[in-house]
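>>> what's the 3D shape of this:
(one chain, ligands or ions: 1)
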Amino acid sequence: MRKPKASLYLRFRMPDGKQSPYYPALFDNKSRIRPFWCLVKGTPEHHPEATYYKRVKREGKWGWESVGSDANTAWTKAQAGSICPAVSTTAPEHKEPDAPTAKDGYRLDEEIAVYLSNVAKLSPKTYKAYKRSLEVFRQSCKKVYVHQITKQDLQAFDTSLMEDGNEDRTRHNRVQHVVTFLRNEEGRRLGPAIKDVSITVKYVEAPPEAYTRQELEDLFRVSDEDERSLWRFFLGTGFREAEVSVAEVTDVNHDTKTIRVDEKTYFGFKPKDCEKRNVPIPDALIAEIDARAKSGSCSLLFGNNGRPDGHLLRVLKHVAFDGGLNCGKCKGTVDGKEVSCAEAPVCEKWILHRFRKNFATDRHNGGASARKIQKWLGHSSLETTLRYLAVGDDTSDEVRSIVNGVHVGL
Ligand SMILES: [Zn+2]
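This is a model prediction of the structure:
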């Protein structure tokens, strides 16, 4: 009875969602592979969901190569030479495989398998997204080796995504996943980085909905005074999160009753030219800012130990969760695990960007022109602002009075 040398290994997802280490495959006493059995810390275990791997030497370094999830095929592959050269014109010689030369290619299918096995260590959501993108890419691209992929393959991929009715944003994401796979910055596959094969799929992000009056009332009810002050600042300035985090009392001009966004190299804050601006703000907000500045220990209005607070979004998410305001229907990730917003502060409904939308809508309803709002929001183009204003609240009193005001008395 001769036991084959264990050069075949299994890897599977553990109950905590992480990928297991590589465990040696098991064979019966006739040297036949026992499908999906492996030796885990001295104990035979059966893992039908596992993927097979073999050890391979590439450029002098040992690594892993996926040989699929069919036990017999995997064993055949593990016994065969480890790497298929890109160009094979002569009959293969049977000798120990040398380190591959530049001519050798990395098979796309195998690289995708190895890549995904490493992406699996990230969140399940990320893994699912990459898996889908690379699968769809594989259907559109018939190249055998990774190094054969060109920009034209990405263009063809994007065209097929468009023909299948995918939205711009989805096409952008799918193409970006393939580009990240090719770049291989994290070493998630075995082959060398391919940096110059990339295309850009433009997409326009849909602006968020403004908070309703009821949502704001609920948020203010469950917030403490410090938090309420922060929400009022967002609503009154229309600032972006980063702009709020570096805001200081010295940005307020008490004569013009405006607040300024400008470069602050001492905080590493560098807005684009169109984002540098003066925004007129309510008298009540100026009074509140002055009061905060007097009681505060540093120049920052919403600082954290004298440094800009980089976690304002987190504050909002926690306040909403603790206050029972999450929708209970959406999902997010905590420590790489998918969780419901009913049980963690991950609700997609509570985002800072929505305050900015309220600012724009409020001022638009108040009669400010789109040009003015463009300037106050620091948008580079009027088109962006118009798109912002287009997604309005169709249930507001203003809309009701417009709707009810026509054809009266007919
Ligand atoms: Zn939610």
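
>>> list the contacts for the closest residue to the ion within the stretch 1-150 of the chain?
Taking Cβ to the ion as the measure, the stretch 1-150 of the chain has Lys125 as its residue closest to the ion, at 14.7 Å. Glycine gets a C-beta too; all of them are placed from N, C-alpha and C. Neighbouring residues of Lys125 by Cβ atoms under 8 Å, 6 or more residues apart in numbering: Lys331, Thr333, Glu338.

>>> Ramachandran angles for it?
Per-residue torsions, Lys125: phi -70, psi -50 (degrees, to the nearest 10).

>>> where exactly do the helices run in the stretch 101-250 of the chain?
Along the stretch 101-250 of the chain, counting by DSSP state H, counting those that start in this stretch, helices occupy 108-119, 124-140, 151-163, 168-183, 213-222, 225-237, 241-245.

>>> Show me what the shortest one packs onto, helices and strands only.
The one in question is helix 241-245. If contacts are counted by 3 or more Cβ pairs under 8 Å, 6 or more residues apart in numbering; DSSP states H and E, helix 241-245 sits against helix 225-237, helix 312-322.

>>> what pLDDT, on average, does the first one get?
Put plainly, it is helix 225-237. In this model, helix 225-237 has an average pLDDT of 97.

>>> neighbouring contacts of it?
Contacts for helix 225-237 (Cβ under 8 Å, 6+ apart): 216, 219-220, 223, 239, 243-244, 247, 259, 279, 281-282, 285, 288-289, 292, 301-302, 312, 315, 319, 352, 355-356, 358-359, 362.

>>> now, which of the residues you listed lie within strands?
Judged by DSSP state E, the contacts of helix 225-237 include Ile259, Val279 as members of strands.

>>> strands paired with the helix or strand hosting Leu26, and their directions?
Here Leu26, judged by DSSP states H and E, is contained in strand 23-27. When pairing is defined by DSSP bridges, strand 23-27 lines up against strand 8-11 (antiparallel), strand 33-40 (antiparallel).

>>> Could you tell me the least trusted of those?
Looking at these, the bottom one is strand 33-40 with a mean of 84.

>>> and it, which residues are buried?
Ile33, Pro35, Phe36, Trp37, Cys38 (16 or more other Cβ atoms under 10 Å).

>>> can you put those residues in CSV and add distance to Leu161?
As requested, the buried residues of strand 33-40 are exported to CSV (distance: Cβ to Cβ, whole Å):
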residue, distance to Leu161
Ile33, 39
Pro35, 36
Phe36, 35
Trp37, 40
Cys38, 38
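
>>> hey, what's Pro308 bridged with?
With DSSP bridges as the rule, Pro308 is bridged to Gly303.
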